[in-house]
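show me the folded form of this:
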Amino acid sequence: MFSLLAWPRAFAFSIILLFLTTCSYARDESIFASSVTYCNPPESLLIQRFEIAYFPQNSSVAFNVSISSVQANVNVSANIFLNVYGMNPVNVTLDLCSILGGALCPLPMYNFTGSDSLTLPASLGVVNSIPSIAYKIPDLEGFAQLTLREVNTGVVKACVQATLSNGWSAHQTAVEWSTGGVALAGLVSAVWHSIASPEAMAPFRLLELMYLYQMIASSAFLNLNYPSVYRAFALNFGWAVGLISSSTSSSLQNSINHMRHLTGGRLADATGGSAVGLVNRKLSPYNQPTKNIVVGPSIGTIFSRELPSAELTAGLSKLFFSETSRSLGQDIRETVKGEVQTVTAASSNVLQAGVPIYVNTIHIATANAFMTVFLCVLIMFAIAIGIFILGYGVMIVLEHRRQQRHNSMPVNFDYSSWVKSWFLRLSLVATFPLLIFIFYQWTLKDSWLSIFISVLTLLAIMALVGYPAFQTLRLSGRETPVALYAPHKPQINQNGPLYAQYRSTRYYFFLPLLAAFFLRAILIAFVKTSSEAQLALMIVIESGLVAAHIVLKPFKTKGGQVFSTYLAITRLVCTGLMIAFLEKLSVKAIPRVVIGIIIALAFSISVVVVVINMILHTGLERLWSRNKAGHGSSSPSLESPLGSEGSMLEKGMKSSTKSEIEVPRSRRVGDSGVSLPYPDDGYVEEIGRERPVNPTPDQNIHLDPYMNTPYPISPTGTTVTTMDPPSMYSRDSGTITVGSLLPRRWSFSFSQPSSPVGSSLGHQQEQRHRGSLTPSPMPSASASPSENGYLSRNASLRAHQQMHQHQHHDIQEEKSSSSTSLAPSSSSRTAVETSATPS
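Modelled structure (predicted):
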């Protein structure tokens, strides 16, 4: 059988293996063009289709292009420039007049459409120029540029840029579905556990998982030069903030575009092709810090020489002058969808760092981001309302069936409070992404209807989250924090998702978390012009949360404290590592990529930790504890620690040993129905049910007043003036019988030993008690009264009352029987006293 640590390792290994298998498939290594844009306004060259790929296995180039030359009498030279992670391994200048017998000089007005594959000559050394890791690293950062310059004037006639990719990416559809499936399974478990108790940990672990997803996605919203691999990794969690990947023909995005344009929207819609081509050239994957994006002969090169004309000329001649062309199928990929965009330093369609690049990568326009998130949240609440209505119908059916069964117990479940608590949980999940895009929409100033809806949404957030927080603070101020945890009360049933996982003295710990949501959203939206200020304030926020976890220690258990502190430290470390992404530091591309992969791995490990913790809180931890306890002794002694713990469980006392029993918030005392709140740790969960709970100052129940009536017995033992039984501790000197066998503790005889009537009556009373009641064991001779006592604490209250009533009846019979025998004794005693009086 696996050990306790083996199961998490096996689970983590299975997740990693599943992730790798879903991302891998058999294909040839290649580098191909993923997007095509103009880097200068086109004059002599127009592109309708441009698909090209390089295969290192046979050093061949496959292409499928459609290019038109529209300007006559232009003699141009071609410059081919390659940039990979900021390095320039290729910068080749080609004189078109020296190849193909001068057929391209001047450049003919020709519409070339065709596809083929050419084998590059070994003398070019392309295979040795590209390292093998370039075919395997995900989200390759590189681009190729073709520049046509007029030979006489040097004027740029055409400039085309194509980003490069090897097919590997950290953004995988399988990861999106996997993370979403885990969240959905956690939701089902959280709903089930929340029915049993408002303080169950499964709903809180679901919130932690969603917060972590949103933190990963929002970490790519800052104005930083993120490496492409980290940006792609963060896209896997975009659904957690309401950004669902769309297509160019999405009806939702088209509807939002139409609404914006009708209400004053002027910003551009999402591009039909890849958004990578519109990224600012200073950022990844271009990594070109210079303002002039046109590469000329003056740019430093690793090698610059004329191409050999023997093998290449023959291949190009065959290509250009062939009448047919063949299709390459799936060897290369489509890169141009619609019109090719022109991207320059002065273009208005350039995507800046942060939210614009993130949302446009999944084909959502920057101006459409808020409405997309708003509609997703609206759909989520609509689904929740439908489920709640269905649940209410089920409750009505169950109640109707219960009424038909007269002997069934009523259903004690506050459904309305449960529904309100889940509305609060859903609001907490939606708060952070809504705040981000509400504030960001205000900075765009695009559509007045979108701004108006954002204001209404902000008011709704304040009502759904702010009002429960206000109720919690008000109740704790009017009464005490302990009142927030009173069981079976609307406060904890409705507003428990805010504070129920914290200790009563730290109930307010939800305020720093809500404040962090608000401050992060402000920094992302309103401080986007200064990346340094954004990152510095983010680090301050995360540092404050870590300090709050360490100083306040708000959680009830040590495990919860360690778990939450670990997540806070992970956020702080990952945010601190993003300092390398500041543009002003000009960190090289390869170190930035390495740091981005480290951050992605740190966040991935934290996701696995949260998932494992969430699985444990579905009941596996209790099952493990029971199995572990089952291998131990089945009947522990009272002297053992386990036996002592069981005794404390039965008495409802505080536990002095470290046990694995879950701490409750309330417990029911006997059958009185009184609930006692326990805000702090250390209290046991269960009370023994097999034996009744002893009446103590903390667990007292209503007793018969007759039980507390004193027993006024005369010290002389001569007369009895009340019907109450005599006290067990009162004695007469005449009744002392040293060495005699005393009657059992529940039999009382107050007749004189010398009286025959009393003796016989007491003997009959003792025989009657012995026949009706089971005798209790006699204490040992060495036991003192302080150890055993005269009254048994283990006797039940009902048996005590019955025996006392029986004794009261016997006392009445005994008094009536002994009245005749007491009269002579009184008269004789009077005569003696009279004779003793001096005359």
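
residue 363 is in contact with residue 248, isn't it?
Yes. Contact criterion Cβ atoms under 8 Å: residue 363 and residue 248 qualify, at 6.0 Å. All C-beta spots, glycine's among them, are computed from the backbone N, C-alpha and C.

which of these two has more residues huddled nearby?
Ranked by neighbour count (other Cβ atoms under 10 Å), residue 363 and residue 248 place residue 363 first, with 21 against 14.

follow-up on the earlier one: which residues are in contact with each of residue 363 and residue 248?
Common contacts of residue 363 and residue 248 (Cβ atoms under 8 Å, 6 or more residues apart in numbering): residue 270.

now the strand or helix carrying residue 451: average pLDDT?
Following DSSP states H and E, one finds residue 451 within helix 448-461. The predicted model assigns helix 448-461 a mean pLDDT of 95.

buried stuff in it?
450-451, 453-454, 457, 461 (16 or more other Cβ atoms under 10 Å).

cool, and stretch 596-612?
596-597, 599-600, 603-604, 606-607, 609-612.

output the lowest mean pLDDT helix or strand found in the chain.
One helix or strand of the chain scores below all others by mean pLDDT, DSSP states H and E: strand 666-669, with a mean of 40.

just the helices in the stretch 101-250 of the chain please.
Along the stretch 101-250 of the chain, the stretches classed as helices by DSSP state H, counting those that start in this stretch are 126-129, 173-196, 201-218, 228-235.

which residues touch the first one?
It stands for helix 126-129. Contacts of helix 126-129 (Cβ under 8 Å, 6+ apart): 54, 56, 59, 89-90, 120, 302.

can you rerun that using 10 Å?
Residues from elsewhere that reach helix 126-129 (Cβ atoms under 10 Å, 6 or more residues apart in numbering): 54, 56-59, 61, 82, 84, 89-90, 120, 122, 302-303.

now do the buried residues in the host helix or strand of residue 551.
Here residue 551, judged by DSSP H and E, is contained in helix 531-552. Neighbour-count burial for helix 531-552, counted by 16+ other Cβ under 10 Å, picks out 531, 534-535, 537-538, 541-542, 544-546, 548-549, 552.

repeat for stretch 48-55
Quick answer for stretch 48-55 (16+ other Cβ under 10 Å): 49-55.

contacting residues around the closest residue in space to residue 250 that isn't next to it in sequence?
Take residue 250 and drop its neighbours on the chain: the residue closest to it by Cβ to Cβ, 6 or more residues apart in numbering is residue 363, 7.2 Å away. Shown in contact with residue 363 (Cβ under 10 Å, 6+ apart): 245-250, 253, 269-275.

residue 419 against residue 195, yeah?
No. Between residue 419 and residue 195 there is no contact, the gap being 11.4 Å when judged by Cβ atoms under 10 Å.

more neighbours, those two?
Taking neighbours as other Cβ under 10 Å, residue 419 and residue 195 compare with residue 419 leading, 18 against 13.

picking up where we left off before, next, the angle from the helix holding residue 551 to helix 201-218.
Per axes from the mean of the first three to the mean of the last three Cα atoms, to 10 degrees, the angle that helix 531-552 makes with helix 201-218 is 160 degrees.

which is the next helix or strand following helix 531-552?
Trace forward from helix 531-552 with DSSP H and E and the next one is helix 558-577.

list the buried ones in that following helix?
Buried residues in helix 558-577 (16+ other Cβ under 10 Å): 560-561, 563-572, 574-575.
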